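Trainee: quick one: sequence plus predicted model below, questions after.
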Protein chains: 2
Amino acid sequence: MKEKDHNTEQHILNSARNVFIRKGYHGARMQEIADEAGMNKALVHYYFRSKEKLFRQIFIGVFVQFFPKMGDVLTDKTLPLMGKIEFFIHNYIDLLAENSFIASFIIMEINRDPDETINLIQEISGGMQEQYFADFKASLDKAVEQGEVIPVDFRQLIVNIISLCVFPFIGRPLVRFLMFDNDNAAFEAFLKTRKQEVVHFIKSAITPAS
Amino acid sequence: MKEKDHNTEQHILNSARNVFIRKGYHGARMQEIADEAGMNKALVHYYFRSKEKLFRQIFIGVFVQFFPKMGDVLTDKTLPLMGKIEFFIHNYIDLLAENSFIASFIIMEINRDPDETINLIQEISGGMQEQYFADFKASLDKAVEQGEVIPVDFRQLIVNIISLCVFPFIGRPLVRFLMFDNDNAAFEAFLKTRKQEVVHFIKSAITPAS
DNA sequence: GTCTATATTAAGATAGAC
DNA sequence: GTCTATCTTAATATAGAC
């Protein structure tokens, strides 16, 4: 029984994750979640009582999977600044490429119900981001001092890096249409070169003119 | 009667715009639209027949307001490349700042129903973007030839510019929380300096090391 | 634990009076 | 053109049999 229990619950979670990520909270249907899990709607309620509760659990899971990876890179003390940035960009874009709808899902939900969502994120993160950023700032300050990079506000720089990585994935259908006339192969090729492009662009922007 | 007719219709459109932009298609309620317009739900249906039809009209309006402004700048033949870029960034960030939820609304809807939304956009735009980009590319090529900027892929550059402008607004609640501990004043100050930051960053990235 | 059947509620949409 | 009242449908949620 324990076995089957665990399996069913896991099936529901997988299915719910897919449906919520594709459709968002309001667009998702309990019926669709049940269908995709290959079982009855009532069973979904039996395990998770309400759509709201199920959603919270999914959102937490997605967020937890998505964020710590970023922090690990920022806090690595052994790497120099540009190494950190490069490593971060590589990891982050890989993650986005493999989980194509996650970024827009998070953005969507944050804009749907900002207060509720931020509260949830606050509970999850427990303020760990402050340490991440402090470490990154220290690393940046040192690099500036040594003349390796020009002086920049560390928050602006972080936002710049994340913007460049995330936006093409969030705006994917629009970018593909506007810039590639819906030619998907061309757009995928564009994304493939994106990692190098972003790294190169950042490097070029913060390296002192010799 | 004509007078009143026009007024009511306009009230509904205004209200619908607000509600759809805040809540998205699935989150919006016809009741809420009617309430905010100060009238009955039935009247909204009398004017627009269905939620779907009303939504399409709103989406088209938002998109039309949002896009041509970009094109005007890109196609201005009198400005040099960096002037164009600078002008574009100023205009675009102003627009985003004044209409804080529009960007996330468009992104949200595009991800909710990509095919349908892209079809709609295709009808609206009529392929005008190709001309915009062609003109921009020509301007970029010339600047590269003259040694004013380093060689860059024009699509990557455009995506970079838009990413840097749009993302802080789309991710607003999350950025405010993660980087400013929800201190709204600090975050607004950050946005205020964003225009200069982006211009400077781009300039720095594509200017040849002397 | 899992199903069928059903209750409940909410939302889009229409009919009909004024 | 605008309202009240109502229809219809669809979605969340629960009861109860197995």
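Mentor: Cool, the structure landed.
Trainee: please make it C-alpha for all contacts and neighbour counts, starting now.
Mentor: Fine.
Trainee: show me chain A divided up by domain.
Mentor: For chain A, the domain assignment from automatic domain parsing gives the residue ranges A:2-59, A:67-206.
Trainee: mean pLDDT for those domains - can I get that in CSV?
Mentor: Shown next, in CSV, are the domains of chain A (pLDDT from 0 to 100):
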stretch, mean pLDDT
domain A:2-59, 94
domain A:67-206, 94
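Trainee: so can I have JSON lines of the ones you listed showing distance to chain B and mean neighbour count?
Mentor: Converted to JSON lines, the domains of chain A look like this (distance: least, C-alpha to the nearest C-alpha, whole Å; neighbours: other C-alpha atoms under 10 Å in any protein chain shown):
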{"stretch": "domain A:2-59", "distance to chain B": "6", "mean neighbour count": "16"}
{"stretch": "domain A:67-206", "distance to chain B": "4", "mean neighbour count": "17"}
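Trainee: can you redo those domains as CSV with distance to DNA strand D?
Mentor: Formatted as CSV, those follow (distance: least, C-alpha to the nearest atom of the strand, whole Å):
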stretch, distance to DNA strand D
domain A:2-59, 3
domain A:67-206, 16
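Trainee: redo those as CSV? Include distance to B:Ser163.
Mentor: Putting these into CSV (distance: least, C-alpha to C-alpha, whole Å) gives the following:
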stretch, distance to B:Ser163
domain A:2-59, 22
domain A:67-206, 5
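Trainee: need the next SSE after the helix or strand hosting A:Glu130, C-terminal direction.
Mentor: Secondary-structure assignment from DSSP states H and E places A:Glu130 in helix A:128-145. Next in sequence after helix A:128-145, counting helices and strands by DSSP H and E, comes helix A:154-170.
Trainee: contact partners of that next one?
Mentor: With C-alpha atoms under 8 Å, 6 or more residues apart in numbering or on different chains as the test, helix A:154-170 has contacts from A:89, A:92-93, A:96-97, A:100-101, A:103-104, A:136-137, A:140, A:175, A:191, A:195, A:198, A:202, B:107, B:111, B:159-160, B:163-164, B:167-168, B:179, B:194, B:197.
Trainee: okay, the angle between that helix and helix B:154-170?
Mentor: Here the directions of helix A:154-170 and helix B:154-170 differ by 110 degrees (axes from the mean of the first three to the mean of the last three C-alpha atoms, to 10 degrees).
Trainee: mind saving the C-alpha coords of helix A:154-170 as CSV?
Mentor: Below are the C-alpha coordinates for helix A:154-170, written out as CSV (Å, rounded to 0.1, in the frame of the first residue of the first chain):
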residue,chain,number,x,y,z
PHE,A,154,26.5,45.3,-8.7
ARG,A,155,22.7,45.2,-8.7
GLN,A,156,22.5,46.7,-12.2
LEU,A,157,25.1,44.1,-13.4
ILE,A,158,23.2,41.2,-11.9
VAL,A,159,19.9,42.4,-13.4
ASN,A,160,21.7,42.8,-16.7
ILE,A,161,23.0,39.3,-16.7
ILE,A,162,19.7,37.8,-15.7
SER,A,163,17.8,39.9,-18.3
LEU,A,164,20.1,38.7,-21.1
CYS,A,165,19.7,35.1,-20.1
VAL,A,166,16.0,34.9,-19.4
PHE,A,167,14.3,37.2,-21.8
PRO,A,168,14.7,35.2,-25.0
PHE,A,169,13.0,32.2,-23.3
ILE,A,170,10.2,34.2,-21.7
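Trainee: tell me the angle of it relative to helix A:128-145?
Mentor: Using the same axes, to 10 degrees, helix A:154-170 lies at 110 degrees relative to helix A:128-145.
Trainee: out of the domains of chain A, flag the one nearest B:Ala37.
Mentor: domain A:67-206 (21.4 Å; C-alpha to C-alpha).
Trainee: what's the end-to-end length of the closest one?
Mentor: End-to-end distance for domain A:67-206, by C-alpha to C-alpha, to the nearest Å: 25 Å.
Trainee: so that domain, near DNA strand C or not?
Mentor: No. Using C-alpha under 7 Å from any atom of the strand, domain A:67-206 stays clear of DNA strand C, coming no nearer than 14.6 Å.
Trainee: what about that domain, distance to the chain center?
Mentor: 9 Å (C-alpha atoms, centre = their mean, to the nearest Å).
Trainee: with stretch A:42-58 instead?
Mentor: 23 Å.
Trainee: give me the residues contacting it.
Mentor: A:Glu9, A:Ile12, A:Leu13, A:Ala16, A:Arg17, A:Phe20, A:Tyr25, A:Met30, A:Ala34.
Trainee: the same query, at a cut-off of 10 Å, please.
Mentor: A:5, A:8-9, A:11-14, A:16-18, A:20-21, A:24-25, A:28-31, A:33-34, A:37, A:59, A:61-62, A:64, A:117, A:120 (C-alpha atoms under 10 Å, 6 or more residues apart in numbering or on different chains).
Trainee: among those residues, which are in helices?
Mentor: Taking DSSP state H as the definition of helices, the contacts of stretch A:42-58 contribute A:5, A:8-9, A:11-14, A:16-18, A:20-21, A:24-25, A:30-31, A:33-34, A:37, A:59, A:61-62, A:64, A:117, A:120.
Trainee: thinking again about what came up before, can you tell me what sits against the helix holding A:Glu130?
Mentor: A:67-68, A:70-77, A:79-82, A:84-85, A:122, A:146-155, A:157-158, A:206-208, B:177-181.
Trainee: so who does A:Phe177 touch?
Mentor: Applying C-alpha under 10 Å, 6+ apart, the residues near A:Phe177 are A:Asp183, A:Asn184, A:Phe187, B:Ile118, B:Asn119, B:Ile121, B:Gln122, B:Gly127, B:Gln129.
Trainee: save the residues you listed as CSV, and put in distance to B:Lys51 too.
Mentor: Converted to CSV, the contacts of A:Phe177 look like this (distance: C-alpha to C-alpha, whole Å):
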residue, distance to B:Lys51
A:Asp183, 32
A:Asn184, 32
A:Phe187, 33
B:Ile118, 19
B:Asn119, 19
B:Ile121, 19
B:Gln122, 21
B:Gly127, 28
B:Gln129, 29
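Trainee: name the nearest of those residues relative to DNA strand C.
Mentor: Distance to DNA strand C across the contacts of A:Phe177 (C-alpha to the nearest atom of the strand) is lowest for B:Asn119, with 20.3 Å.
Trainee: taking helix A:128-145 as reference, get the angle to the strand or helix carrying A:Gln122.
Mentor: Using DSSP H and E, A:Gln122 sits within helix A:114-125. In terms of direction (the same axes, to 10 degrees), helix A:114-125 departs from helix A:128-145 by 80 degrees.
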